[in-house]
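Visitor: need a structure here:
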Amino acid sequence: VYVTGISQGSTAKKDVVKAICDVVPSYTVNNWVGATTPTYDTTSAARTANNNQVVTYYIKIGNEGNTDNTVSVTGTAGDADWAVTYYDSVTGTNNITSQVVGGTYQPTAISAFSYIEMRVVAEPKATALGAGNKALTVTTRSTGTNNPTDTVTATTTVNNSYTLNGWVGVTTATYNTASAAQVTNNSQTVTYYIKIDNTGNSDNTVTVTGTPGDANWAVSYYDGPSGTTDVTNQIIAGTYLPADIAAFGNKELRVEVRPNAGLAGGSVKPLSIAMKSLDDPSKSDSVTATTTTNNYSVDTLVGITTTA
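Guide: Below is the predicted model:
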């Protein structure tokens, strides 16, 4: 800016001054995150997911400075229970995970008063526990004067699940079916082994019920594949509650069946053993163990004895 002063006197003197105003470069950055691109209105976002379910977060990096801005972007890595993948746009397949996690990702310089977008995908693996969470921190750092930075956080929490799977076998090595059958003689005991798999990602409180014996069949339930702790009365009454089954763990039981001495051959005793989650009553399963008595055949022989 030039300012000129001119005298109105006879000599018409004049003078000029110059004022120079320089715009100071600025490199301010501002990060935003959202579960969809229209929700870039917060510095943190949160979602829930089932195991093996993908959720997506969208990141906007705004250059609020008056100068083209070169930035670096770093983000939280995945781990044994979480898959985390970073991409350089809201769509597309250009995977930049290794650069973002390694701190070497530098997108093209962001124009003054403009922005760029990227996305991050989080997926809890099959082994992730219910109610566990993964917080992803995404940080942008300008390479300009004073290195302005900003950070957003995206947190995913795993939904609890309480699914059950029942198995039965005539030995503990044959837990591979939902039903089993044996044939036995009168007064002979046969054993079935029951395994309750908690296939859910959370500790599971389970109730177990089973078919009782009757006048012709003795039926006894025990709370392990071996041992003498008899839980028959509780199982028949529906009040048997074993200790909570850990996530992805199991509980084993056994049932012993014996037909009475006078029971006819070919008699059948089916047992139904049901298990139900009390944490989520919609989750249940059952197995069947069927015992049949052997048929006996009697041969009548006639002989002639001679005497001298």
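
Visitor: Show me the strands in the stretch 101-250 of the chain, by range?
Guide: If DSSP state E, counting those that start in this stretch is used as the criterion, the strands of the stretch 101-250 of the chain fall at 115-124, 133-142, 149-158, 164-169, 179-184, 190-198, 206-210, 217-222, 250-259.

Visitor: Reformat these as JSON lines; add mean neighbour count, distance to residue 296 and mean pLDDT.
Guide: The way it works is simple: take the backbone N, C-alpha and C, and place the C-beta from them, glycine included. Formatted as JSON lines, the entries for the strands of the stretch 101-250 of the chain read as follows, by neighbours: other C-beta atoms under 10 Å; distance: least, C-beta to C-beta, whole Å; pLDDT from 0 to 100:
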{"stretch": "strand 115-124", "mean neighbour count": "20", "distance to residue 296": "59", "mean pLDDT": "98"}
{"stretch": "strand 133-142", "mean neighbour count": "19", "distance to residue 296": "64", "mean pLDDT": "98"}
{"stretch": "strand 149-158", "mean neighbour count": "20", "distance to residue 296": "58", "mean pLDDT": "98"}
{"stretch": "strand 164-169", "mean neighbour count": "20", "distance to residue 296": "28", "mean pLDDT": "97"}
{"stretch": "strand 179-184", "mean neighbour count": "16", "distance to residue 296": "12", "mean pLDDT": "97"}
{"stretch": "strand 190-198", "mean neighbour count": "21", "distance to residue 296": "17", "mean pLDDT": "98"}
{"stretch": "strand 206-210", "mean neighbour count": "22", "distance to residue 296": "29", "mean pLDDT": "98"}
{"stretch": "strand 217-222", "mean neighbour count": "20", "distance to residue 296": "18", "mean pLDDT": "98"}
{"stretch": "strand 250-259", "mean neighbour count": "20", "distance to residue 296": "12", "mean pLDDT": "98"}
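
Visitor: wait, which of the ones you listed is closest to residue 42?
Guide: strand 149-158 (8.0 Å; C-beta to C-beta).

Visitor: now the closest one against strand 115-124, angle please.
Guide: Taking axes from the mean of the first three to the mean of the last three C-alpha atoms, to 10 degrees, strand 149-158 and strand 115-124 form an angle of 30 degrees between their directions.
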